[in-house]
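Asker: Build me a structure from this.
(one chain, ligands or ions: 1)
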Amino acid sequence: MDFRFTPQEEALRKKFNDFFQAEMKYAPLEWGTSMEAIFGLDACWEFHRKLATKLAAKGWLSRPWPKEYGGEDASLVEQFIFSDVMGYNRGAGVDHWGIMLLVPTLLVGANEEQKREHLPPIARAERFWTQLWSEPGSGSDLASLTTRAVRDGDDYVVNGQKIWSSGAHRADWGFLLARTNPQEKRSRGLSFFLVDMKTPGITIKPILSLDGSHLFNEVFLDDVRVPARNMVGEENQGWIASQMTANFERSMIALFAYLKRELEELVEFCRETKRDGKAISGNALVRQRLSQMAIEIDIGRTFSYSVLWNQIKGGLVMAAPLAAGAKILATEMVQRFTFSACQIIGLHAQVKESRWAPLKGRYEKEYQQCLGLSMAGGTSEIMRNLICAMGLGLPRSW
Ligand SMILES: Cc1cc2nc3c(=O)[nH]c(=O)nc-3n(C[C@H](O)[C@H](O)[C@H](O)COP(=O)(O)OP(=O)(O)OC[C@H]3O[C@@H](n4cnc5c(N)ncnc54)[C@H](O)[C@@H]3O)c2cc1C
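Answerer: Next up, the predicted model:
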C-alpha cells in the first residue's frame, strides 16, 4: 500500500484546504458541534446554504459525477482528499442527504428524465433533501415499513408516517420508501419516490432532543399525491433502488479527520490550561488518555485508507464489510473522544454560550449528541451483522 499522493492530488488538497480555511473563519460559534446545530439554528443553516452555493459555483458538489451530468468524474482518491480536508476544517456546505445518499442512487437507478430534472438543482445547491425511510415500527428492520402508496391515474397517493427525518423542516425535497404491494410484507413490495416537501398533505412535526435542539421530525403523509414519474426504478423494486449506489468513497475519513483536528485543539488546551498552578498537560492520567486517543485516531485514519484501497481494487461490494467496520470505529471513537475530553476539561465542559466556556463550549453539545452517530444510517449492531455475513461468510441468521 502506497500512501503517497501525486503532485496533482497534493495541489488539489491545497486548493480545497485554502477554500475551507478561508470560509470557515466566518462560521457561527455553534457550527461543527453536531448535526443538530446545522438544522436547529438559523445562523448555522444560513451559513451551510451559503457555503453550499460557493462550493456549487466551483463545481465541487458534483465533482465525482460523470461528465455528462456536469461532474468531473473525480477519482475515489480525489473524493477521499475532499472528505479529509472537509472533515479537518469542520466544513459546511455539503448536503449529506442529497449529495451523499441520494445522488449515488439517482446516478445508477434513475431514468434519464429524472436525472435531468433532479441532478442540476443539487449541483447548484438549490435543492436540499431529507430521507423519509424510518417509521415508528421500522428502523433496523426497514423492510417491514407500512406507509402505503396506491396508484391513482398519473399519481400515487401516499398515506403513512415517517420518523427521525433529519432536517425535514429545512428540506426542499424528500426521498421516500413506501409500500406499493400490501400482499408482500417485506422488501419486495416497496417503491422509491422523490417527493416535493411542499406537496399538500405533508405535515412536519418537530421532535426536540433532550437538550432542546431540533434535528429530528415526524413526517405525516395524508393523501399526498406524488406524480408516478417521480418513482425511481420499477414499482415494487424500491428496495433495489435504495441499495443501488454509485462508486462514491465510503471510508469515514471525514470523521477521523474531524477527530484529528479536535485532538490537536484539546492538546493545545491542555498545554495552555493550568490547574493548581500547573499545566494539565503534565498530569500523567491526562497524558495517557491523550496518547491513547492519538493512537486510535491514527489507526482509524489508516483503516480509512485501507477501505479506500479496497474500494479502488474491488469496488463497493468488496469493500462493504470494511466500510461497516470504519463506521463502527469512527462513530464509537467520537464517543470515546468526547467523553474523555469532558473528563479532562472537568466541570467547565458543561459551560456554553459564555466567554468562559473552554473550547467554545463545544463539548456540552457533543457529549449529548454523539451517541446518535452509531445509530444513524444503520446501528453498530447492524454493521457488525453485515461484517459477519459479508466479511466473515457467516449465515445471515441462525
Ligand atoms: C442521528 C440520527 C439521524 C437519523 N436520521 C434519519 C433520517 O434522516 N431519516 C430516516 O429515515 N431515519 C433516520 N434515523 C433513524 C435511523 O435510521 C434508525 O434509528 C436506525 O435505523 C435504527 O432504527 P430504530 O431506531 O428503530 O432502532 P431499532 O431498529 O428498533 O433497534 C433497537 C436496538 O436493537 C438493535 N437491533 C435491531 N435489529 C437487530 C439485529 N437484527 N441484530 C442485532 N441488533 C439489532 C439495534 O442495533 C438497536 O440497538 C436517524 C437516526 C439517528 C440516531
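
Asker: Need the three-state assignment for the residue nearest to A171 when sequence neighbours are not counted.
Answerer: Once flanking residues are discounted, A171 sits nearest to T130: 3.7 Å by C-beta to C-beta, 6 or more residues apart in numbering. All C-beta atoms are positioned from the backbone trio N, CA, C, and that covers glycine. Using DSSP: H, G, I helix; E, B strand; the rest coil, the structure places T130 in strand.

Asker: Now do the same contact list for T130.
Answerer: 97, 165-168, 170-171, 173-175, 197, 217, 219 (C-beta atoms under 8 Å, 6 or more residues apart in numbering).

Asker: who in the chain is up against the ligand?
Answerer: Proximity of the chain to the ligand, by C-beta under 6 Å from any ligand atom, involves residues 131, 133-134, 139-140, 164-166, 372, 375-376, 379, 381-382, 385.

Asker: 8 Å - rerun?
Answerer: 35, 97, 130-134, 137-142, 162-168, 215-216, 369, 371-373, 375-382, 384-385 (C-beta under 8 Å from any ligand atom).

Asker: Narrow the residues you listed to just the buried residues.
Answerer: With burial judged by 16 or more other C-beta atoms under 10 Å, the buried subset of the residues of the chain next to the ligand is 35, 97, 130-134, 138-139, 142, 162-168, 215-216, 369, 372-373, 376, 378-380, 382, 385.

Asker: circling back to that earlier point, could I get the contacts of T130 as JSON lines with distance to K67?
Answerer: What follows is these, written out as JSON lines (distance: C-beta to C-beta, whole Å):
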{"residue": "W97", "distance to K67": "24"}
{"residue": "S165", "distance to K67": "33"}
{"residue": "S166", "distance to K67": "31"}
{"residue": "G167", "distance to K67": "30"}
{"residue": "A168", "distance to K67": "33"}
{"residue": "R170", "distance to K67": "31"}
{"residue": "A171", "distance to K67": "28"}
{"residue": "W173", "distance to K67": "25"}
{"residue": "G174", "distance to K67": "28"}
{"residue": "F175", "distance to K67": "24"}
{"residue": "M197", "distance to K67": "30"}
{"residue": "N217", "distance to K67": "36"}
{"residue": "V219", "distance to K67": "36"}
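
Asker: Counting only strands, which of these make the cut?
Answerer: W173, G174, F175, N217, V219 (DSSP state E).

Asker: Could you measure from G391 over to the ligand?
Answerer: 16 Å (C-beta to the nearest ligand atom, to the nearest Å).

Asker: Same check on A279?
Answerer: Taken as C-beta to the nearest ligand atom, the span from A279 to the ligand is 36 Å.

Asker: Show me the beta-bridge partners of that residue.
Answerer: Beta-bridge partners recorded for A279 (DSSP bridges): K274.

Asker: from what I can see it touches E268, true?
Answerer: No: contact between A279 and E268 fails when scored by C-beta atoms under 8 Å: they sit 11.1 Å apart.

Asker: my read is E234 is in a helix, agree?
Answerer: No: looking at E234 with three-state DSSP, it is coil, so not inside a helix.

Asker: Make residue 1 into 9 and carry on from there
Answerer: Happy to do that; since the first residue is 9 now, the last one works out to E242.

Asker: What is the neighbour count of it?
Answerer: E242 has 13 neighbours, counted by other C-beta atoms under 10 Å.

Asker: and the gap between it and S152?
Answerer: Distance of E242 to S152, given as C-beta to C-beta, to the nearest Å: 21 Å.

Asker: Start from the N-terminal end of the chain and give the helices.
Answerer: For the chain, the helices defined by DSSP state H cover 15-32, 43-48, 50-65, 84-96, 111-117, 120-131, 246-251, 261-280, 292-353, 370-377, 388-394.
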